[in-house]
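1. Could you look at this predicted model? Sequence included:
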Amino acid sequence: MSVTVRVPAKVNVQLGVGAARPDGFHDLANAFLAVGLYDEVTVTPADELRVTCSGPDADKVPLDRTNLAARAALALAERRGIEPSVHIHIAKDIPVAGGMAGGSADCAGALVACDALWGTDASRAELLDICAELGSDVPFSLVGGAALGTGRGEKLTPLEVGGTFHWVFAMAGRGLSTPAVFREFDRLTEGHDIPAPEADPSLLAALSKGDAEALAAALTNDLQPAALSLYPELAATLETGRGAGALGVLVSGSGPTTAFLCPDADTAAKVAQTLRDSDTCRTTRTAAGPVPGATVL
Ligand code: C5P
């Protein structure tokens, strides 16, 4: 018997970042949108905890207990006083270290899958608690759709979305470490007065109307200067996508995946083709959102 859970990637349509807190984290105003690019996490009873991974980026995924999916199984087992005897297989399609919450997706997926496999019957609130302990983006991977994340990103308020948004994602040649990007943000903003981050009302209105043009005009990512500073070549990727007809362009989360909001699926296909024909990215994917969060198949 096994359980498979499908979990989407995310793009941040607003990533407002405040000053570093005493605990080292940053307060965020983080508008998440789940998009239809998925990892699938399958759990099967086994003699001991084991993680395997398949997919084009599989060699970049750690298979030890630092893997967020393994940590999710360990956290749930510990709460119930049971052995985490499970084989976790991750069929990976979300880029690794790409700023699209791939690790968080696997974490939420493993948690939901183990809960179903073990019949632990955790409430939604307990699952969200465990998610928040394991990472700032993990609660959103569980709920999906669109939500505003505050605190370090883990406190979620659902956002209304009045339509489907079409995106192209350009995958970069290498990854970026999220802590390194936040450290670069700290370095670039040193000595500046950083206001507390707040959700942009025009962005929330654009989401609720399903208005792609208005959303494109409101896209912001306070981590983008830091990501570009560590990965200057991304500027050319953004320019290429903009020139090809994207309404709005930005770095996804801490990067280095770049995101291109398009008026419709046809334009997205053309923008993706232009990006692939340029030498400014490794590959592209098109995906629409919002989509639901972690779902048992
Ligand atoms: O929460 P998570 O483990 O995903 O965060 C990874 C790293 O990103 C943290 O260790 C921290 O360096 C940085 N981070 C941050 N502020 C946040 C979220 C993450 O500084 N709100």
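-> Yes, it's here. Bear in mind the structure is a predicted one, so any value in this text is a computation, not a measurement.
2. all contacts plus neighbour counts: C-alpha atoms, from now on.
-> Noted.
3. biggest helix in the chain by residues?
-> Of all the elements of type helix in the chain, the one with the most residues (DSSP state H) is helix 102-118.
4. ok, then the element right after that one?
-> Beyond helix 102-118 in the direction of the C-terminus, DSSP states H and E gives the next helix or strand as helix 124-134.
5. does that next one come close to the ligand?
-> No. With C-alpha under 6 Å from any ligand atom as the threshold, helix 124-134 lies outside contact range of the ligand, at a closest distance of 6.7 Å.
6. again, but for stretch 60-73
-> No. Looking at stretch 60-73 against the ligand by C-alpha under 6 Å from any ligand atom, there are no contacts, and the closest approach is 9.4 Å.
7. For that stretch, which residues meet the burial criterion?
-> By neighbour count, and taking 16 or more other C-alpha atoms under 10 Å as the criterion, the buried residues in stretch 60-73 are Val61, Leu63, Asn67, Leu68, Ala69, Ala70, Arg71, Ala72, Ala73.
8. ok, the second one - contacts?
-> For Leu63, the set of contacting residues under the criterion of C-alpha atoms under 8 Å, 6 or more residues apart in numbering consists of Arg50, Val51, Thr52, Cys53.
9. for the ligand, what are the nearby residues on the stretch 151-297 of the chain?
-> Near the ligand, when you scan the stretch 151-297 of the chain using C-alpha under 6 Å from any ligand atom, you find Arg152, Gly153, Thr178, Pro179, Phe182.
10. Narrow the residues you listed to just the buried residues.
-> Neighbour-count burial (16+ other C-alpha under 10 Å) is assigned, among those, to Arg152, Gly153, Thr178, Phe182.
11. Tell me, what's the model's pLDDT at the third one?
-> I take that to be Thr178. Thr178 is assigned 96 on the pLDDT scale.
12. Give me the neighbour count for the nearest residue to Asp115 once chain neighbours are set aside.
-> When the adjacent residues along the chain are set aside, Asp115 lies closest to Asp121, with 6.2 Å between them (C-alpha to C-alpha, 6 or more residues apart in numbering). Using other C-alpha atoms under 10 Å, Asp121 has 13 other residues around it.
13. contacting residues around Thr240?
-> Each residue near Thr240 by C-alpha under 8 Å, 6+ apart is listed here: Thr274, Leu275, Ser278, Thr280.
14. Spell out the secondary structure type for it.
-> Thr240 carries the three-state label helix when classified by DSSP: H, G, I helix; E, B strand; the rest coil.
15. Model confidence at it, what's the number?
-> Looking at Thr240, its pLDDT stands at 98.
16. likewise Ala97?
-> Ala97 carries a pLDDT score of 88 in this model.
17. re earlier: want to try TSV for the buried ones among the residues of the stretch 151-297 of the chain next to the ligand, with secondary structure as columns?
-> Written out in TSV, the entries for those read as follows (three-state DSSP):
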residue	secondary structure
Arg152	coil
Gly153	coil
Thr178	helix
Phe182	helix
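18. Ala216: which of those residues is nearest?
-> Among these, Gly153 lies closest to Ala216 (C-alpha to C-alpha), at 21.9 Å.
19. which stretches of the protein form strands?
-> Read by DSSP state E, the chain holds these strands, from start to end of the chain: 3-20, 26-45, 50-54, 86-91, 146-150, 155-158, 165-171, 220-221, 248-251, 258-262, 283-289, 295-296.
20. Spell out which parts of the stretch 1-150 of the chain neighbour the ligand.
-> Residues of the stretch 1-150 of the chain found near the ligand, taking C-alpha under 6 Å from any ligand atom as the criterion, are Gly24, Phe25, His26, Asp27, Leu28, Gly135, Ser136, Asp137.
21. please redo it, this time with the cut-off set to 5 Å
-> Counting by C-alpha under 5 Å from any ligand atom, the residues of the stretch 1-150 of the chain lying close to the ligand are Phe25, His26, Gly135, Ser136.
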